[in-house]
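Chemist: Predicted coordinates and the sequence they were generated for:
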Amino acid sequence: MSTIAVTNLKNPSAPSAAITLDTSGNAAAPSLVPPGTVQFYAANTAPAGWVKANGAALSRTTYAALFAAIGTTFGAGDGSTTFNLPDMRGEFPRGWDDGRGVDTGRAIGTAQAASRIGFFAGFGGDVDVVNPDELFSSTRSKYSVNNNLSVTSNDASVRPRNIALLACIAF
C-alpha cells in the first residue's frame with residue numbers, strides 16, 4: 001500500500017489530505033471509515049478499500065491497520081504472518097450484549113447457532129416440555145401438572161424476510 005497527498009486547489013492553504021492506495025492502486029476506504037468497519041454492499045465484489053468478510057486469511061503486514069483493529073478475534077490464520085477475517089457469508093449480524101444482560105456470556109466475534117421458537121397449545125393430560133431442538137424427537141420428557149394442561153408443539157422456525165448482500169470489511 002502507498003499513500004499520496006492531495007491538495008485542495010480551491011484553497012491551497014487548507015491542510016492536505018492523504019489517500020491510501022491498496023496493492024492494486026485503488027483508493028482505500030476513506031479515513032472516516034475506520035479499519036474493521038463492516039458494511040453490506042450490493043455487488044458481488046468488494047469496493048476499493050474493502051475486502052469480503054468471508055473468513056479468508058490475510059497478511060498481517062499488508063493489512064496492518066485491519067489487523068490492529070481486529071487482531072485474531074476471528075482466527076489466528078497461520079499463527080504468525082496471517083489473520084482471519086470474520087465470515088459473514090449467510091449470517092445475520094447481532095449487536096453485542098456488552099454487559100446489558102440480554103445475551104450474556106458472549107464476546108465480540110463469537111458465533112451463535114440457530115434456535116427455533118416453538119408454539120405450544122392444547123388441554124388435558126400431561127405437559128410435554130420440549131427443547132426446541134427436540135421438537136420432532138420421539139424421546140421427550142413429560143411433566144404432570146395439576147390443571148391437566150397438555151401441550152402440543154408446532155415448530156416455528158424464525159427467519160425474517162431478507163435480501164442477500166455482500167458483507168465487506170474496511171482495511
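Modeler: Structure's in. What do you need? Residues are numbered from 1 along each chain as shown.

Chemist: contacts, neighbours, all on C-alpha from now
Modeler: OK.

Chemist: Surely residue 66 forms part of a helix?
Modeler: Yes - counting by DSSP: H, G, I helix; E, B strand; the rest coil, residue 66 is located in a helix.

Chemist: how about it, what does it touch?
Modeler: By Cα atoms under 8 Å, 6 or more residues apart in numbering, the residues touching residue 66 are 35-36, 170-171.

Chemist: how about a cut-off of 10 Å?
Modeler: By Cα atoms under 10 Å, 6 or more residues apart in numbering, the contact list for residue 66 reads 34-37, 58-60, 83, 85, 169-171.

Chemist: Only the buried residues of stretch 81-97, if you could.
Modeler: Buried residues in stretch 81-97, counting neighbours by 16 or more other Cα atoms under 10 Å, are found at 82-88.

Chemist: and what of stretch 41-54?
Modeler: 46-54.

Chemist: For it, measure first residue to last.
Modeler: Using Cα to Cα, to the nearest Å, one end of stretch 41-54 lies 13 Å from the other.

Chemist: Which strand or helix spans the residue nearest to residue 104 when sequence neighbours are not counted?
Modeler: Distance criterion Cα to Cα, 6 or more residues apart in numbering; nearest residue to residue 104, sequence neighbours excluded, is residue 97 at 6.6 Å. For residue 97, there is no enclosing helix or strand under DSSP states H and E.

Chemist: Filter the contacts of residue 66 down to the buried ones.
Modeler: Of these, these count as buried by 16+ other Cα under 10 Å: 35-36, 58-60, 83, 85, 169-171.

Chemist: domain assignment for this structure?
Modeler: Domain assignment for the chain by automatic domain parsing gives 2-9+16-93+164-170, 116-157.

Chemist: average model confidence for the longest one?
Modeler: Right, the one you point to is domain 2-9+16-93+164-170. Throughout domain 2-9+16-93+164-170, pLDDT has a mean value of 88.
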